[in-house]
Structures are given as C-alpha cells and as structure tokens.
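Undergrad: here is a sequence with its predicted model. Questions after.
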Amino acid sequence: MASPLTSSSGAVRRSQLRALGLVAPLVIFVGVTFVTPLGTMLMRSIHDPVVADTLPQTLTLLEEWDGQQLPNESIYITLAEEIKQASSERTLGQIAGRINRVQSGFRSAVTRTARELHSQPIEATRESMISIDSVWADLSTWNAIKLTGQRFTARHYWNAMDLQVLSDGSIGQQPEERRIYIKLFLRTLLVSGIITLLCLILGYPIAHLIANSPPSRANLLLILVLIPFWTSLLVRTTSWIVLLQTQGVLNDLFVLIGLITEDGRLAMIYNMTGTIVAMTHVLLPFMVLPLYSVMRGIPPTHMNAAASLGATPVQAFLRVYWPQSLPGVGAGSLLVFIIAIGYYITPALVGGSEGQLISNMIAYHMQTSLNWGLAAALGGVLLIGVLILYVVYDRLIGLDRIGLR
Amino acid sequence: MLAGFQSPSSGEILLDGQPIQDLPARKRGIGMVFQNYALFPHMSVGDNLAFPLEVRGMGAQERQQRVNQVLQLVRLEGFANRRPNQLSGGQQQRVAIARALVFEPSLVLMDEPLGALDRNLREEMQYEIRRIHRSLDVTIVYVTHDQQEAMVMSDRIAVLRNGIVDQIAVPEGLYEAPTSAFVARFIGESNQLHGRVTSLIEQDNVCVVDTGGEEIRALKITPCSVGDDVTLSIRPERIKINPEAGHYTNQVQATVEDMTFLGDQLRIRLAACGRNDFIATIPNIVGHGGLVTGDSIQIGWTIVDCRALNYELS
C-alpha cells in the first residue's frame, strides 16, 4: 500500500539532491571566496591574539596589577625574558607595532631594550629596564601592554569611532588630532548622499524617457545607458581626468569662450568635485535600471487619467506618477548609496587628498599601516551602517517592493 | 481627441456650443472611463474618487460627502478604504465609473469599459451603467466594438468606419434603416445582393435592380440613377418561405442548401439570386414547413424590407 508513496518521496529526494548538486559549486565558490575571507576579516576586528601569545606570562602577572603604581620586580623580569625570546623568534616587531598604536614611542623603546638585553646579559631588574628606556617607568606603557594583551577586544571599534580606552578602563574621546574617522564617515555619507541625489536627478528623466519609448528606441537608449558598464572603470575614470584637469578639455573650453581667465582655471579634479562627478557617472546605470524596470510597469494611461480628472501636469506627476515610481527610486537610491559608501577606486584616482572616502582609509590600513584590525573594524562599521540602511528602507518602503518581483 | 490626449489636425470639437479642441484635457471637464480602468493602485478607492475633487481644490468635508454619494450610486458603500487591487473586476469598473462621475462632468467618455470583463459580468455592468445613466441625466459617449453592446446601451449610435461617421441613429433606426451597405452589414445580419439599376419607379422612390437574372424592386436609399451599381440589403428574418403567389413584390426561386437549428429559430442557407450564402431565419413555431436540404422553394420579401444602398463588395 505504501510503496507508491515511498517511491515518489524517493524520487522527490533524488530530484532535491540533483538540485543541490547543481547549486553546490556556487555555494562552495561563495563560501570560499566571500564568506570565509569576510568572516576572517571581521574576526580580526575583535580578535587579536599576537600580544597575548607572545607575552603570556607577563600578561598573567599583570592581571594582578592594580594599575596605580609601577608593577613589581617579578613582572619586569618576566617581561625581559619574554622580550628576549620574542626577539630571537623575530616576533618582537609584531607586538611592538601593535602596542605602539596605543602607546606611541613604544616601538623604539622595546627594540632598544631587546638589543641591550642581548648585548649585555645583565640581570633584568626594574632599575636596569628603566635605565635602558624611561618608557618602563611609565604607567601608561603597562596599561598599553595589558590592553593589547586582550585576545578579544572592542578597541578597534572604539578606535574606528574616534574613541579610546583610557588607562582607568573607561571610554573617552581620542585626542583632537587623532579624531579623523567620524569626520571621514560623515564625509563619506554626505558625498554618497550627494551622488545618490545627483544620480536620481539625472537618472529619473532618462528612465522615464526609456520606459515610455517604443521598444526599438528604448533598446537603443538602454544600450547607451549600459555602455559605461562595458568600458573599463579605469578608462572611464581617466577620461574624466582628461576632461576635468586644470589643463584639460573643459578648462580650455571655458578659457576659450572667456568664461574664466587663463589664471583662473578651475580645479575640478583631484578634489571632492572630481570624486563626485566621476562617481555619479559610474553609478548612474545603477539608478536608471531599477527606475526603468519600475516605470515600465506604470501604465501611461494613468497620466492621461489624472489629466482627464482635472490634474495639472505637476499635480498628476506628484500625486500619480511619483508615488508609483517610489519603489524604483528607493531601489535605485539604496543601490547607488550602498555602492557609493564603499567605493574605492574612483576616489583613489581622482579624489586628491580632500576627496578621499572611508574606503581609501581602509585600504591605507590594509596596505600601508598594516593595522588590519582597525581596517576590519572600519569595514565592520560600514557594514553595520549599510544593514541599518537596509532595515530603515524595509520599514519605510518594504524590500519586497524593490522591483524584483 | 475628445478627451484631449491628441490634437485634431483640423476641424472643431464643440461641447455645449463651446469649442474645446484647444483646451488641455484637464480643463475640458470630461469624465473618462478607461479600458483598463486606470485606477491609481497606490491610493485607496476613496482617495481615487477624491482625487478629481482635490485637484479642484474642494474642501475635505465636501469631498468626503461627494465621495460617499458616488459610492452609493455605484453601490460600493464601505469600500472606500480598500485598494483597487483588492476589488474584483466588476467592482474596479464601478470605481472607475464613479471616479469619472464624481466631479459632475458635462460629458462622460467610456472607452470600451467592459472589454476586460467576462460575459456575465459584462451584462450585469451594462445594466448597471444604464441605471446610473438614467439616474444622473449625464451624456455618455460610449465606445465599443461590440454591436450588441452598442444596441443595448445606447440612445443613439454613431457607426464609425475608418474614422468617418457612417451613420448616426437610434438603435432601431440603425437596424431598420441603415443608410449604407456597411452599416447594414455591421449592425445585425443582412443579405447583400449586388446589381444594376434598370429603372426608377413610384416617383423615383423605388428602383428596379437587375441582380443577374432576377429583377428585384427595392427602396431607394442612396441616391442613384439608372445604370448605377447598387447593393441590396435584406434582413434574413424578413424573408418569407413559400409565400402565397403574388403576395410579395419580390419573389424568387431558391434551393435549400443547409439548415441550422438554433433553438428559438431556424437558420436556412439558400442558393438564390446567384448566391449560395443567402440566409433566411424563421421562428421556431409549430409547422415551420418541414423543409429538408435540397428542397426547391420560393422566397419573397417586400419592397420596404429591401434597401438599395451604395455599391460595395463586402
């Protein structure tokens, strides 16, 4: 009796397995190339075992330390031992760099200490250490060691938000000259907002035109919109340099028609203007395409209907067309904004010093300062920001209305 | 053009004696019901109905009152807060009609409003629109390609052909007295014979037409003179099978080619006057003659039921 049922459920399972087999390559690919590195990187922002692994005994002893006065003799001796060992294992540079980010001047001090300890096998005591470098008489040095010795830490995130852990363990602001990230985040948000707005203003009429053109012309226009996609990003960005630079095409033209004088050539690139112009161009298709897909679904009779009901063109647009195109506006803006806040290459090429965004700072910490923990934390903050945006969008408009139905 | 979405290349459009062809759509005050209703999906039914009032700057209270009135008129009380896509096709249709009426336009234009509905609903809505029409005393221009719908709905029908009005008449007039071969063919069924006028009699009101062997007398409708080609139009139900001799002016020989039983009537295809698609319908009453295919019979019709119209090959 049950046999037909069993065989059919077997067939279902087989077809499910087949389907799973087909998606498996993609799942593995995404897992290996995306999820794992992303996870590792985010892990780095809260997990930093280097100092803890190199100075385990010192850190154990420091747990007892009250932080009010210099540690006792045994801690100095232990630290000296572990510095010597780290020096011979060539891991000293790693911990020196990490502690140096909290306590500047530490790197040179610890290098000198290691050198001295090696060259003259003296008894490492509190006095001898302090005589090698006065940094060992400084309470904040020990605080820095203790702080960086935590395996799991939020300090990269505090750092990414211009905060720091003070010696008494409380959270305070960074010194004035080191507060750069909040400003940079705000600037990134502002620039992304401006770019999104520009894309919307430029893209909305184009999308409307394409959506209401006969199919053959619509195809041609769509291709024109998509051409930037087929051109190398570098080529496009470099073209903007050619156009906008001080001796560039636009400035030449302005001088030629007498709009500006030879001396008054405008700086339109290697600054914020360059970043905004080039990024708006690069991101425009991301605005036009969702808008177009939504607008194509709005029957043209609606505007006629509104007119026949007595609405002026402006009223008809504001009350009838615009609300119906909102899902497209939302989808396009969200897309452009999210891409913009993480955009790297264009600001790096045409941004100069003032047109740099947060992604350029992340790249700096990845490649130059090698502070991967901070880079990861900055990336993490960015990610959280995007997720918040997503939730807000979902609440306001609803992700199901994003035009992908 | 009437609603103002397209401009005429020439001519005038008069509404209550006022030329409106240069007015934009919004200033014409013509209510329009679109084929696909064109209800605004992002507004509730109430907001859809309030929209024309709102853009005219009417106060909220009066707006509410008018919306309620018109909802009552289309029997959709209590639906004001629904979204259009939560309504059935017939309900959406009624909202569309209500929206075209709510601002009390002098003219309502309906562009094939029932095209998207199924047959039963269509008949119900036809009745509904007529009821609203009668209760409001508003002029409705109703565009349809369904002749029957036109007959059911209209006080006057304008038959358009290639953008030109062929005939405007009350439904009965259109059927009984078509003035062109096209209208005769288009509204209802008609047998059309082609022939040449050989003479005009009875103060030129009747023409004698040679249809290739048979001589038929027909009422002259389209101006014609001897020698002209004309189309003769005879309604199938006006044809008498085996009439008494001499009872009808026109009486010809015919052969029964085919018979179709349609329940209330019998449809007979005949070969007559050189054609084999000559149709006669007779009511299904007791003793309809017991015709069988192949019978040779006489058919006849009166002069008034035979109209000589413009020459036109169908």
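TA: Ah, there it is.

Undergrad: identify all contacting residues around stretch B:83-96.
TA: By C-beta atoms under 8 Å, 6 or more residues apart in numbering or on different chains, the residues outside stretch B:83-96 that reach it are B:33-34, B:37-41, B:43-45, B:48-49, B:74-76, B:79, B:113-114, B:116-118, B:121, B:124-125, B:128. C-betas here are computed from N, CA, C, even on glycine.

Undergrad: which strands and helices lie in contact with the stretch of helix or strand B:N48 belongs to?
TA: According to DSSP states H and E, B:N48 maps onto helix B:45-54. Other helices and strands packing on helix B:45-54, by 3 or more C-beta pairs under 8 Å, 6 or more residues apart in numbering or on different chains; DSSP states H and E, are helix B:60-73, helix B:89-101.

Undergrad: what's the most buried one of the ones you listed?
TA: helix B:89-101 (a mean of 23; mean count of other C-beta atoms under 10 Å in any protein chain shown).

Undergrad: run the chain-centre distance for that one.
TA: Computed by C-alpha atoms, centre = their mean, to the nearest Å, the chain-centroid distance of helix B:89-101 equals 22 Å.

Undergrad: and stretch A:168-187, by the same measure?
TA: So, by C-alpha atoms, centre = their mean, the centroid of stretch A:168-187 is 17 Å from its chain's centroid.

Undergrad: and it, end to end?
TA: 32 Å (C-alpha to C-alpha, to the nearest Å).

Undergrad: break chain B into its domains for me.
TA: B:14-155, B:189-310 (automatic domain parsing).

Undergrad: selection in PyMOL covering whichever of the contacts of stretch B:83-96 are buried, please.
TA: For the buried members of the contacts of stretch B:83-96, the matching PyMOL selection, counting by 16 or more other C-beta atoms under 10 Å in any protein chain shown, is:
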select buried, chain B and resi 33+34+37+38+39+40+43+44+45+48+49+74+76+79+113+114+117+121+125+128
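
Undergrad: among the contacts of stretch B:83-96, which lie within helices?
TA: Applying DSSP state H to the contacts of stretch B:83-96, the entries found in helices are B:V45, B:N48, B:L49, B:L121, B:E124, B:M125, B:E128.

Undergrad: got CSV for those residues, with pLDDT and distance to A:Q174 too?
TA: CSV is the format used below for those (pLDDT from 0 to 100; distance: C-beta to C-beta, whole Å):
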residue, pLDDT, distance to A:Q174
B:V45, 91, 58
B:N48, 91, 57
B:L49, 91, 60
B:L121, 82, 72
B:E124, 84, 75
B:M125, 83, 73
B:E128, 84, 74
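
Undergrad: burial of the closest residue to chain B within the stretch 151-300 of chain A, as a residue count?
TA: Closest contact between the stretch 151-300 of chain A and chain B, by C-beta to the nearest C-beta, is at A:P299 (6.4 Å). Residues near A:P299, counting by other C-beta atoms under 10 Å in any protein chain shown, number 15.

Undergrad: helix, strand or coil: sort out it for me.
TA: coil (DSSP: H, G, I helix; E, B strand; the rest coil).

Undergrad: contacts only, for it.
TA: Listed by C-beta under 8 Å, 6+ apart, the contact set of A:P299 reads B:N36, B:A38.

Undergrad: where's the residue of the stretch 101-250 of chain B found nearest chain A relative to A:G39, distance?
TA: Residue nearest to chain A within the stretch 101-250 of chain B (C-beta to the nearest C-beta): B:F103, separated by 6.4 Å. To A:G39, B:F103 is 61 Å away according to C-beta to C-beta, to the nearest Å.

Undergrad: so how many other residues sit close to residue 311?
TA: In the absence of a named chain, this looks at chain A. Using other C-beta under 10 Å, A:A311 has 23 other residues around it.

Undergrad: looking at chain B here, not the other one
TA: B:Y311 has 16 nearby residues by other C-beta under 10 Å.

Undergrad: pretty sure it contacts B:S233?
TA: No - with contact defined as C-beta atoms under 8 Å, B:Y311 does not count as touching B:S233 (11.8 Å).

Undergrad: report the set of residues contacting both of those two.
TA: What both B:Y311 and B:S233 touch, as defined by C-beta under 8 Å, 6+ apart, is the set B:A181.

Undergrad: kindly report the residues of chain B close to chain A.
TA: B:3-5, B:24-32, B:34-36, B:38, B:40-43, B:51-52, B:55-56, B:99-100, B:103, B:109 (C-beta under 8 Å from any C-beta of the partner chain).

Undergrad: which residue does the stretch 1-150 of chain A bring closest to chain B?
TA: For the stretch 1-150 of chain A and chain B, the shortest gap (C-beta to the nearest C-beta) falls at A:A19, measuring 33.3 Å.

Undergrad: how is chain A divided into domains?
TA: With automatic domain parsing as the reference, chain A has domains A:1-39, A:51-149, A:181-401.

Undergrad: and the second one, how far out from the chain's middle?
TA: Going by C-alpha atoms, centre = their mean, the spacing between the C-alpha centre of domain A:51-149 and its chain's C-alpha centre is 34 Å.
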